[in-house]
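*Asks:* Quick one, structure for this:
(one chain, ligands or ions: 1)
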Amino acid sequence: MSLLVAVFDGTRELAGTTAACSGRAELFEPSWPSEHPDIRQYRREAALAVCADCPALPSCRQWITNEPRTRWHGWVVAGEFINH
Ligand code: SF4
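*Replies:* Presented below is the predicted three-dimensional model:
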């Protein structure tokens, strides 16, 4: 399991602190085909707001630089919506 997936699940810490996304994976995960566009936008904006206040943001940004971007396509990670 990826470190960040464990952080999202609330089973791991990042940078020695409880990340703001802990236990809130549903805000960060990719959209699904039948998801209403308003819900999609709400989730994305909420996730970006959570990242903005996260104490682990610097470490998360460092961590994502070493991850394959395709692995996180469609996720919000480290204050960024990854779409490439
Ligand atoms: S910066 Fe965002 S994705 Fe990274 S640990 Fe914090 S809340 Fe989670």
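
*Asks:* give me every residue that touches Thr65.
*Replies:* Applying Cβ atoms under 8 Å, 6 or more residues apart in numbering to Thr65 gives no contacts. No exception for glycine: its C-beta is placed from N, CA and C like everyone else's.

*Asks:* Now it. Its backbone dihedrals?
*Replies:* phi -70, psi -20 (degrees, to the nearest 10).

*Asks:* any idea of the pLDDT on it?
*Replies:* Thr65 is assigned a predicted lDDT (pLDDT) of 93.

*Asks:* in the lengthiest helix in the chain, what counts as buried?
*Replies:* Determined from DSSP state H, the single longest helix within the chain is helix 37-52. Neighbour counts over helix 37-52 (16 or more other Cβ atoms under 10 Å) mark Arg43, Arg44, Ala47, Val50, Cys51 as buried.

*Asks:* Dump these into JSON lines; add pLDDT and distance to the ligand as well.
*Replies:* Shown next, in JSON lines, are these (pLDDT from 0 to 100; distance: Cβ to the nearest ligand atom, whole Å):
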{"residue": "Arg43", "pLDDT": "98", "distance to the ligand": "13"}
{"residue": "Arg44", "pLDDT": "98", "distance to the ligand": "12"}
{"residue": "Ala47", "pLDDT": "98", "distance to the ligand": "7"}
{"residue": "Val50", "pLDDT": "97", "distance to the ligand": "5"}
{"residue": "Cys51", "pLDDT": "98", "distance to the ligand": "3"}
